[in-house]
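> sharing a sequence plus its predicted fold:
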Amino acid sequence: MTSATRGRTAPVPTASSTPVAGAGRASARPAPGGSRRRGRVRTALEVAMFVGPALALFAVFVVWPVVRAVQFSFYRWKGFGPLVDFVGLGNYVTVLRNDVFQDAFAHNVVIVVLSIVVQLPLGLAIALLLNRKMRGQGALRTIIFVPYVLSEVIAGVVWLQLLQPNYGVVDALLGAVGLSGPEQGWLGTPGLAMYALLGVLTWKYLGLAVLLFLAGLQGVPDELVEAAQLDGASWWQVQRRITVPLLGPTIRTWAFLSMIGSIQQFDMVWILTGGGPANATTTMATFLVTEGTKRYNYGIATAASVILFVVALVAAVAYQALVLRRDVGAADASARRGAV
Amino acid sequence: MTRTRVTQALTLGTAAVLLAACGTGSEGTSSGETDSQDGSTITWWHNSNTDPGKAYYDEVAAQFEADHPGVTVEVSAMQHEDMLTKLDAAFQGGDAPDVYMERGGGELADHVEAGLTKDLTDVAADEIDKLGGSVAGWQVDGKTYALPFSVGVVGFWYNKALFEQAGVTETPTTLEDLLATADTIKQAGIEPISVGAGDKWPAAHYWYYLALRECPQEVLEDAVQTLDFSDECFLRAGEDLQSIVDAQPFNQGFLATSAQTGPTSASGLLATGKVAMEMQGHWEPGVMQGLTEDKQGLGEDLGWFPFPSVDGGEGDQTAALGGGDAWAVSQDAPDVAVEFVQYLLSDEVQQGFAERDMGLPTNPAAGDSVKDPALAGLLEVRDEAPYVQLYFDTAFGQSVGGAMNDEIALLFAGSTTPEAIVEKTQQAADAEG
């Protein structure tokens, strides 16, 4: 029962009735013994005591499952019984050759790109508008932000009902003005389902973009805007030459969050279409859940999950290196300038 | 034990993105023994979590305890999907309940291969004898591993009032009849058939049934054993299905329609009088009751007819597609658990089961106790059928069955061919090795 013993380390340290024991175990290395430098040992113990529980939890609930997933991915395994059927990289080959997975990867790319392309200008426009003093500003901000607060599953179920063919509100509204929805419904037509999904995702996540951009706008110094106005710049010019460029770091951070969320997209797809119709909206995450929990090909599912993990990691690291580096560099530069 | 289970449950939850099924591998099976050291307690998981079924099973457990002093039956009534998830986790952790439900086929074969399920062939020989052909779906290599307590068949549930409104007086008996009937109903401005193709399996049932009509029984038995789908009849089943899909008898948006969740699901559309018929299993009346506000479903208007015959088909034209649930005993369970399963299939318990319309009893002594007229008619069809073919996805196991269902659903979407269904199924079967 290796996992049981390992599991047991997690809840204990928080009990704190035996802090020494808890700290001693976690800090076996930094405290090699010897009471001469008692102060340092004590500091090390204190650090270990405070960091230990969190690290233990992280190890048990994040590191350990990741390690196990990698292990499973080398076996043909149905989810129960011993791991005996070692297939090496066979599961990875199966996944990468699977046309449904290839489509799923493409769908993820589409979601990443279109989420940013659609939400960025829209979010920016709304944020710039809401940043002006006007009546009902608070109410408008709330309305824009409410979808983001809703649980993704609840939002999904609501939209599922709204988009029903024939009986849904969307089709009823179209019917009222003499139009009609698609024959198979918005979510049932393979060519439309992805766009319907993207529409719902935009509705859901636009609020986050607007909120972040509004917060970023608070950081744009009024003096700059005033100076520009004194020089005769129009409102439009101020936005284009001063506000948006200064909003750069916020936009880049938001795009990063949006990208990672899109790569891992699961809930909304699962509720709205389950990956259908005809695999038109399958994402990497829905693919691996279907392989695992529906077909009991846990080896293949974990291989897909490792691939998803690597894709997300590579995307994150590349984005950090290529895009976010500018912000870090700029911060360094301004810090240096500040020092002088 | 509890801590292991909690840890595993939490781990599973945490690993939502990086799906890491937390099994304990080979160590897991040994831990199950701790359960069975105390032979006087048996754990029993079932899915009758609403009355009258729940109360009845509590009663049954109490009666068994009274008859066997010193024995305690720990009953867990769970919602069906919950139970499946928990069973998966229990098998992964080597901590399965003593008495639980098996759906048979490839899934059971996997459990047998992993050494999770007890062989009941000799210990319950009398019961197996009594149940007759029903146990076939729960046999692996000639041995019986679970005793079916409810076996139903799939057929068409229809709305009598809507049939009448469309001027249809007789239920269809051939495939052409069915399509003609659907057309008549369509002309009357009513959607003929609902199908939950979004969930795939309801759509796949059409292909299964057509294969039953096109393929001789030996071919199907062979396919279950060898996973060889090269016989031409499987291709013809796909072509028949193509002809049905081309006739467009299905509800608007059927590709995204779910089987039975909510009023816009396939069952919901039938229950609320939006479509005239739906092909579904024996559980349909109960599902429809849950989907209507008055909890009546279609009530008196509900009728049932068997899947039509296919002209020129080489298969048996009265064979039925179906499946059911069986009680299985886990490998490490105490002996008294077997006795409990035997008790669950006794005349007395099966009659009580039938009287409460909890399912379609397999014990012949309980056949007359079914009260619901639609279910009684269905029972007649089941017992008259030369054989009941277990749903293919269950029979072949989820891996092959899932690939098969996916491809069949694609045919409904018009984005694949009858040939590809056979091809993809064969590919998945070959991957099983």
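Yes, it's here. This is a predicted model, so every value here is computed, not measured.
> surely B:Glu419 meets B:Ala237?
No. Between B:Glu419 and B:Ala237 there is no contact under CB atoms under 8 Å: 11.7 Å. (Glycine included, C-beta is placed from N, CA and C.)
> skipping its backbone neighbours, what lies nearest whichever residue of the stretch 51-200 of chain B sits closest to chain A in space?
Going by CB to the nearest CB, chain A is nearest to B:Ala114 of the stretch 51-200 of chain B, at 3.2 Å. Excluding the flanking residues, the one nearest B:Ala114 by CB to CB, 6 or more residues apart in numbering or on different chains is A:Gly81, at 3.2 Å.
> enumerate every residue touching the residue of the stretch 51-200 of chain B closest to chain A.
A:78, A:80-82, B:91 (CB atoms under 8 Å, 6 or more residues apart in numbering or on different chains).
> and for the residue nearest to B:Ala114, the neighbour number?
22 (other CB atoms under 10 Å in any protein chain shown).
> could you check the pLDDT of it?
The score at A:Gly81 is 78. That number is its pLDDT.
> you'd agree it is in a strand?
No. A:Gly81: not assigned to a strand; according to DSSP: H, G, I helix; E, B strand; the rest coil it is coil.
> secondary structure class for B:Phe64?
Secondary structure of B:Phe64, per three-state DSSP, is helix.
> just the pLDDT at it, thanks.
93.
> verify the contact between it and B:Phe340 for me.
Yes. B:Phe64 is in contact with B:Phe340 according to CB under 8 Å; the separation is 5.8 Å.
> ok, and the closest non-adjacent residue to the residue positioned nearest the centre of chain A?
In chain A, the centroid-proximal residue (CA atoms, centre = their mean) is A:Gly261; its distance is 2.7 Å. Nearest residue to A:Gly261, sequence neighbours excluded (CB to CB, 6+ apart): A:Tyr205, at 7.4 Å.
> for the record, mean pLDDT for stretch A:284-302?
Stretch A:284-302 comes out at a mean pLDDT of 92.
> for it, measure first residue to last.
12 Å (CA to CA, to the nearest Å).
> how far does that stretch sit from its chain's centre?
How far stretch A:284-302 lies from its chain's middle: 20 Å, per CA atoms, centre = their mean, to the nearest Å.
> could you list the low-pLDDT ranges of the stretch 101-250 of chain A?
For the stretch 101-250 of chain A, no stretch has pLDDT under 70.
> if we can go back for a sec, ok, and the most crowded of the contacts of B:Ala114?
Using other CB under 10 Å as the neighbour criterion, A:Phe80 leads the contacts of B:Ala114 with 27 neighbours.
> how much space separates it from chain B?
Distance of A:Phe80 to chain B, given as CB to the nearest CB, to the nearest Å: 4 Å.
> need phi/psi at that residue.
Backbone geometry at A:Phe80, expressed as degrees, to the nearest 10, gives phi -150, psi 170.
> that one reaches B:Leu116, doesn't it?
Yes. At 6.7 Å, A:Phe80 counts as touching B:Leu116 under the criterion of CB under 8 Å.
> find the residues that touch each one of these two.
Joint contacts of A:Phe80 and B:Leu116 (CB under 8 Å, 6+ apart) are B:Phe91.
> that older thread, show me which of B:Phe64 and B:Phe340 is the more surrounded one.
Counted by other CB under 10 Å, B:Phe64 and B:Phe340 do not tie: B:Phe340 has more neighbours, with 24 against 20.
> looking at that one now. What's its pLDDT?
Here, the pLDDT recorded for B:Phe340 equals 93.
> what are the buried residues along the helix or strand hosting it?
Following DSSP states H and E, one finds B:Phe340 within helix B:335-344. Buried residues in helix B:335-344, counted by 16 or more other CB atoms under 10 Å in any protein chain shown: B:336-344.
> which of those lies closest to B:Val224?
B:Val224 lies nearest to B:Val341 out of these, by CB to CB, at 24.7 Å.
> the closest one against B:Ala333, yeah?
No. In this structure, B:Val341 is not within contact of B:Ala333 by CB under 8 Å, at 9.5 Å.
> list residues touching both of these two?
In contact with both B:Val341 and B:Ala333: B:Val99, using CB under 8 Å, 6+ apart.
> doesn't B:Phe156 belong to a strand?
Yes. Under three-state DSSP, B:Phe156 sits within a strand.
> my guess is it contacts B:Glu284. True?
No. Applying CB under 8 Å as the test, B:Phe156 and B:Glu284 come out as separate, 9.9 Å apart.
> look at the two and report which has more neighbours.
B:Glu284 (28 against 21).
> tell me the contacts of residue 306?
Since you didn't name a chain, this refers to chain A. A:69-70, A:73, A:92, B:18.
> should've been chain B
Neighbours of B:Pro306 in contact, by CB under 8 Å, 6+ apart: B:153, B:155-156, B:318, B:320, B:381.
> same check, this time on B:Gly198
With CB under 8 Å, 6+ apart, B:Gly198 has these contacts: A:188, A:273-274, A:276-277, B:254-259.
> of those - the most surrounded one?
B:Thr257 (31 neighbours).
> pLDDT score assigned to that one?
So, for B:Thr257, pLDDT stands at 90.
> ok, residue 248 - how many residues close by?
Using chain A here. By the measure other CB under 10 Å, the count of residues near A:Gly248 is 13.
> you answered for a different chain; I wanted chain B.
Neighbour count for B:Gln248, taken as other CB under 10 Å: 14.
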